[in-house]
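Participant: Following is a predicted model, sequence given first.
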Amino acid sequence: MKMRFAILTLALLAVASLGIAQQSDYEVKERFKTMYDALKLDIDSARTKEQTAQIPNRIKGLETEFAEHASLIRGAFHPKTLESLIGELRDQFTVAQERNTTIQYQGERITLLEGQIASLNVEIEKLNAEREQLLAKLRSTNNSLAQQRELVKALNANLLTKDRLVNAMVDSIFLPFGKNMDALTEVQQDALGKKLEKANIITRIADIANDNVRFLEATKLEAKDYSTLVNQYEQFKHRWGGLRDKVSAAIQASNAMTGKKVRGKQATPDANPAELVDAALANWHTKLDASFWGSLMDEFNSRKVLVQPFSDGKGFSASVRSYVESVLKSGENAETFVDEIWIQRIDKDW
């Protein structure tokens, strides 16, 4: 009887010991999982140097603490092992370090670029003030021909400088977002759109075209001026063509996300902010075209050579042909037309 009791007692102790061991293994596994998961989250969320500096020691501590339970962890997390799980944490930390370094660099770069934008904004405002002074002087009737020519040169240089500064401002805004606009997230598009609107980019670009219209209206230009002016217009048109959809898409995306209103209407993808520049560009082309053909017409009018009015290349050709035919029929003297206008002016300068 005593022997049976002793055997039963030993059996119960053995079962109890097995239960305690099993419970201990479970606790080890759960403690490891809790510490491992917490460490993964902390690696992802670490942003400061202080937070990042603590991670390697914590990974090493986790590895050391559970080294004696390596076989248990291998069984609990099969096919992964303690070594592979610790390796994943170290790989994750390496990626996080690279990410944080990139974020820090981009933050410093953005700060620098925003400083450049502020500086460019000041320079543009100075050019605007100078432009107004030059336009006022151009409209004055007290200028000599030489003074007028100097004012034209100064104003043209002013407009070119402003054009370059606005382009530099646009580049500074777009640079942090990379070249692939299609890859931007909604949040990035919103941020880009807000920066473009804060810098008033659409209005600034449109102002370049409008300034050139005012320039054309303020002075009488010579034949040699037009090749430069046409080239400036074509360069502006080309640059805007490459920029138009990017600027418009970013601003529209920002407006759609924030529910802002544009010109008193609820912002929608159909409200295209680029139309302001499109209209200014079209007006610039119209004024430049009218100024060119008007100045060419003045070559005839100033010498009292009566040709039919023209406003484009086709009309000019028809007008000259008609005049030549009328001279041949009438037998009138054509020296003024041939020598003073065609040879000395149109063929030479235009």
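Facilitator: Okay, I see it.

Participant: So which residues of the protein form helices?
Facilitator: 2-45, 49-65, 70-76, 82-138, 145-174, 186-198, 201-218, 223-258, 275-301, 313-330, 335, 347-349 (DSSP state H).

Participant: quick one: average pLDDT of the first one?
Facilitator: Averaged over helix 2-45, pLDDT sits at 66.

Participant: picking up where we left off before, comparing the helices of the chain, which gets the lowest mean pLDDT score?
Facilitator: Lowest mean pLDDT within the helices of the chain: helix 2-45, a mean of 66.

Participant: out of the helices of the chain, nearest to residue 341?
Facilitator: Nearest to residue 341, of all those, is helix 275-301, at 5.6 Å by Cβ to Cβ. For the C-beta atoms, the positions are set from N, CA and C on the backbone; glycine is no exception.

Participant: about what we covered before: pick the most deeply packed of the helices of the chain.
Facilitator: Among the helices of the chain, ranked by average contacts under mean count of other Cβ atoms under 10 Å, first place goes to helix 201-218 (a mean of 20).

Participant: residues in contact with that one?
Facilitator: 124, 131, 135, 138-139, 155-156, 159, 162-163, 166, 169-170, 173, 196, 229, 232-233, 236, 240, 243, 247, 251, 273-274, 276-277, 279-281, 283-284, 287-288, 291 (Cβ atoms under 8 Å, 6 or more residues apart in numbering).

Participant: ok, residue 237 - contacts?
Facilitator: 281, 285.

Participant: sorry, back to before: kindly present the helices of the chain as a markdown table, with separate columns for distance to residue 180.
Facilitator: Putting the helices of the chain into a markdown table (distance: least, Cβ to Cβ, whole Å) gives the following:
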| stretch | distance to residue 180 |
| --- | --- |
| helix 2-45 | 25 |
| helix 49-65 | 29 |
| helix 70-76 | 43 |
| helix 82-138 | 16 |
| helix 145-174 | 11 |
| helix 186-198 | 11 |
| helix 201-218 | 20 |
| helix 223-258 | 11 |
| helix 275-301 | 23 |
| helix 313-330 | 41 |
| helix 335 | 64 |
| helix 347-349 | 47 |
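
Participant: Identify the residue spatially nearest to residue 137, adjacent ones excluded.
Facilitator: residue 151 (5.5 Å; Cβ to Cβ, 6 or more residues apart in numbering).

Participant: quick one: that neighbour and residue 158, what's the gap?
Facilitator: The gap separating residue 151 from residue 158 is 10 Å, by Cβ to Cβ, to the nearest Å.

Participant: got any residues that touch both of these two?
Facilitator: By Cβ under 8 Å, 6+ apart, the residues touching both residue 151 and residue 158 are residue 134.

Participant: for residue 154, what are its contacts?
Facilitator: residue 134.

Participant: 10 Å - rerun?
Facilitator: Residues in contact with residue 154 (Cβ atoms under 10 Å, 6 or more residues apart in numbering) are 130, 131, 133, 134, 137, 138.

Participant: do the same with residue 84
Facilitator: Contacts of residue 84 (Cβ under 10 Å, 6+ apart): 73, 74, 77.

Participant: Can you lay out the residues you listed as TSV showing distance to residue 207?
Facilitator: Shown next, in TSV, are these (distance: Cβ to Cβ, whole Å):
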residue	distance to residue 207
73	67
74	70
77	64
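
Participant: list the contacts for the spatially closest residue to residue 29 that is not a sequence neighbour?
Facilitator: Leaving aside its sequence neighbours, residue 29 sits nearest to residue 76 (Cβ to Cβ, 6+ apart; 4.5 Å). Contact analysis of residue 76 by Cβ under 10 Å, 6+ apart lists 25, 26, 28, 29, 30, 32, 33, 69.

Participant: now, which of those sits nearest residue 329?
Facilitator: residue 33 (105.4 Å).

Participant: so that closest one makes contact with residue 73?
Facilitator: Yes: using Cβ atoms under 10 Å, residue 33 is in contact with residue 73, at 9.3 Å.

Participant: follow-up on the earlier one: as a markdown table, the contacts of residue 154 with distance to residue 333 would be great.
Facilitator: As requested, the contacts of residue 154 are exported to a markdown table (distance: Cβ to Cβ, whole Å):
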| residue | distance to residue 333 |
| --- | --- |
| 130 | 49 |
| 131 | 47 |
| 133 | 48 |
| 134 | 43 |
| 137 | 42 |
| 138 | 38 |
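
Participant: what's the farthest-apart pair in those?
Facilitator: 130 and 138 (12.5 Å).

Participant: what residues are shared contacts of the two?
Facilitator: Residues touching both residue 130 and residue 138 (Cβ under 10 Å, 6+ apart) are 154, 155.

Participant: you'd agree residue 253 is up against residue 192?
Facilitator: Yes: when contacts are counted by Cβ under 10 Å, residue 253 is listed as touching residue 192 (8.1 Å).

Participant: tell me, what's touching those two both at once?
Facilitator: residue 184.

Participant: before we move on, back to that, what is in contact with residue 33 and residue 73 at once?
Facilitator: residue 85.

Participant: Could you pull up the residues touching residue 346?
Facilitator: Counted by Cβ under 10 Å, 6+ apart, residue 346 has contacts 223, 296, 299, 300, 316, 320, 337.

Participant: Closest one of the residues you listed to residue 63?
Facilitator: residue 223 (82.5 Å).

Participant: residues contacting the closest one?
Facilitator: So residue 223 contacts 292, 295, 296, 299, 345, 346, 348, 349, 350 (Cβ under 10 Å, 6+ apart).

Participant: distance of the residue minimising distance to the centre of the chain from residue 294?
Facilitator: For the chain, residue 174 is the residue whose C-alpha lies nearest the centre (Cα atoms, centre = their mean; 2.8 Å). Using Cβ to Cβ, we find residue 174 at a distance of 39 Å from residue 294.
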